[in-house]
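Asker: Predicted model and sequence below, questions to follow.
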Amino acid sequence: MNIYVLLKKTFDTEEKIKVTDGHIEENGAEFIINPYDEYAVEEAIIKRDELGGEVTVVTIGDDESEKQLRTALAMGADKAVLINTEEDLEDGDQSTTVKILESFFEDKEIDLILAGNVAIDEASGQVGPRLAEALDIPHITTITSLKVNGDIASIEKDVEGDVEVVESVFPLLVTCQQGLNEPRYPSLPGIMKAKKKPLEEFEIDDLDLEEEELEPKTATIDIFLPPEKEVGRVLEGEVDDQVKELITLLRDEKKVL
C-alpha cells in the first residue's frame, strides 16, 4: 500500500509567541510537527505494519522543515519529501499549497493520503479536502477510526460529539482527529535510523508550475494576540454580602446589568 502523509511545520503553541506589526516573530520561536499531523503519521505507520507497503511524509516549507521530516522518519515513516519554497515563493495560502501538492502527486500511485484535521496555526482545515477534490479521489474528514477490509475502508468520523460510520474505496484521503490513536515518541534507535532514510528535495521549478498558478487567492489583513486576561477577584464574607458585591461589580464596573 502506497501511503502518504501531509505534514506541516507549525509554531509550538506551548511556547510564548510574539507578534510585531502584524507578523509573528520567527527568531527564537520553537517549531514542531502540527499535532494533528502526528495522528496522521502514527496511523500511516500502523496501517503499513498491518497491510504492508511504504509510508512517505511530504511537506512544503524551507530548509528548517527537514527537522520535522526527520522526526516523522524517526517515528517510523520510510521516506520523506521536502518541497522547498524558500527561494521561490514569498507568500501563499491554502490554494497555493494545494496547487503544489496536486502537481507533486500528479504521477504518483496513491492508495491512501493522511493529513491532520487542521493546522493549529491557521486552522482552516481546507488543504486535505481541496487536494482530494483536485486529485478526484474520495475524502473523509475528522476520522477517529480507520479499518481496512480488502478494498474497502471502514471509517468512524467525529460529527460534533457523535460518530458517523462511512465506507469508501481506495484511493482515499482522510484527515485525522484526536482520538484516532496515540502518537509514539521517536525512540533512540529510530532517531539513528532516520539519519539514513531517504529525504528527497524538490523546488517549485521541478514541479512544472506557472507563477500565476501559485498566486494566493486570499490575503491576511492582520495578526494579533488576544487581550491578556484580567486577574480574577475572590469575593469574601457571607453569601448575601458576596451576592450584593457581585451585583454591584457587574452593574457598575462591567456594565452588563
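Answerer: Here it is on my side, so go on.

Asker: Ranking helices and strands of this protein by mean pLDDT, which lands last?
Answerer: strand 23-24 (a mean of 74; mean pLDDT, DSSP states H and E).

Asker: Neighbouring strands of it in the sheet, and parallel or not?
Answerer: If you go by DSSP bridges, strand 23-24 pairs up with strand 19-20 (antiparallel).

Asker: Which parts of this protein are helices?
Answerer: 35-51, 66-75, 94-105, 127-135, 188-194, 239-248 (DSSP state H).

Asker: Mind putting the ones you listed into a markdown table with distance to residue 85, mean neighbour count and mean pLDDT?
Answerer: (Each C-beta comes from the backbone N, C-alpha and C, glycine too.) Formatted as a markdown table, the helices of the chain follow (distance: least, CB to CB, whole Å; neighbours: other CB atoms under 10 Å; pLDDT from 0 to 100):
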| stretch | distance to residue 85 | mean neighbour count | mean pLDDT |
| --- | --- | --- | --- |
| helix 35-51 | 18 | 21 | 97 |
| helix 66-75 | 14 | 22 | 96 |
| helix 94-105 | 7 | 20 | 94 |
| helix 127-135 | 14 | 19 | 96 |
| helix 188-194 | 23 | 13 | 93 |
| helix 239-248 | 54 | 11 | 91 |
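
Asker: Tabulate those helices (TSV), appending distance to residue 233.
Answerer: Converted to TSV, those look like this (distance: least, CB to CB, whole Å):
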stretch	distance to residue 233
helix 35-51	34
helix 66-75	43
helix 94-105	43
helix 127-135	44
helix 188-194	49
helix 239-248	9
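
Asker: So which of the ones you listed is nearest residue 149?
Answerer: Ranking the helices of the chain by proximity to residue 149 (CB to CB) places helix 35-51 first, at 10.8 Å.

Asker: list the helices and strands the closest one packs on?
Answerer: strand 2-7, strand 54-61, helix 66-75, strand 112-116, strand 139-149, strand 172-176 (3 or more CB pairs under 8 Å, 6 or more residues apart in numbering; DSSP states H and E).

Asker: And the contacts of the third one?
Answerer: Read that as helix 66-75. 5, 7, 9, 31-33, 38, 41-42, 45, 57, 59, 61, 79-82, 183-187, 190-191, 193-195, 197, 199 (CB atoms under 8 Å, 6 or more residues apart in numbering).

Asker: I'd like to know which of these are buried.
Answerer: 5, 7, 9, 31-33, 38, 41-42, 45, 57, 59, 61, 79-82, 183, 186, 190, 194, 197 (16 or more other CB atoms under 10 Å).

Asker: Residue 182 and residue 153, how far apart?
Answerer: From residue 182 across to residue 153, the span is 21 Å (CB to CB, to the nearest Å).

Asker: Tell me which of the two has more neighbours.
Answerer: residue 153 (22 against 9; other CB atoms under 10 Å).

Asker: Keeping just the C-alphas, turn stretch 142-157 into PDB.
Answerer: Extracted in PDB, the C-alpha atoms of stretch 142-157 (Å, rounded to 0.1, in the frame of the first residue of the first chain):
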ATOM      1  CA  THR A 142     -12.100  14.200  11.200                       C
ATOM      2  CA  ILE A 143     -11.700  10.500  11.400                       C
ATOM      3  CA  THR A 144     -11.400   8.700  14.700                       C
ATOM      4  CA  SER A 145     -11.100   5.100  13.500                       C
ATOM      5  CA  LEU A 146      -9.800   3.500  10.300                       C
ATOM      6  CA  LYS A 147     -10.100  -0.200   9.400                       C
ATOM      7  CA  VAL A 148      -9.300  -1.700   6.100                       C
ATOM      8  CA  ASN A 149     -11.200  -4.800   4.900                       C
ATOM      9  CA  GLY A 150      -9.800  -5.800   1.500                       C
ATOM     10  CA  ASP A 151     -10.600  -3.000  -0.900                       C
ATOM     11  CA  ILE A 152     -12.900  -1.100   1.500                       C
ATOM     12  CA  ALA A 153     -12.000   1.400   4.200                       C
ATOM     13  CA  SER A 154     -14.400   1.400   7.100                       C
ATOM     14  CA  ILE A 155     -14.200   4.700   9.000                       C
ATOM     15  CA  GLU A 156     -15.600   6.400  12.000                       C
ATOM     16  CA  LYS A 157     -15.600  10.200  12.000                       C
END
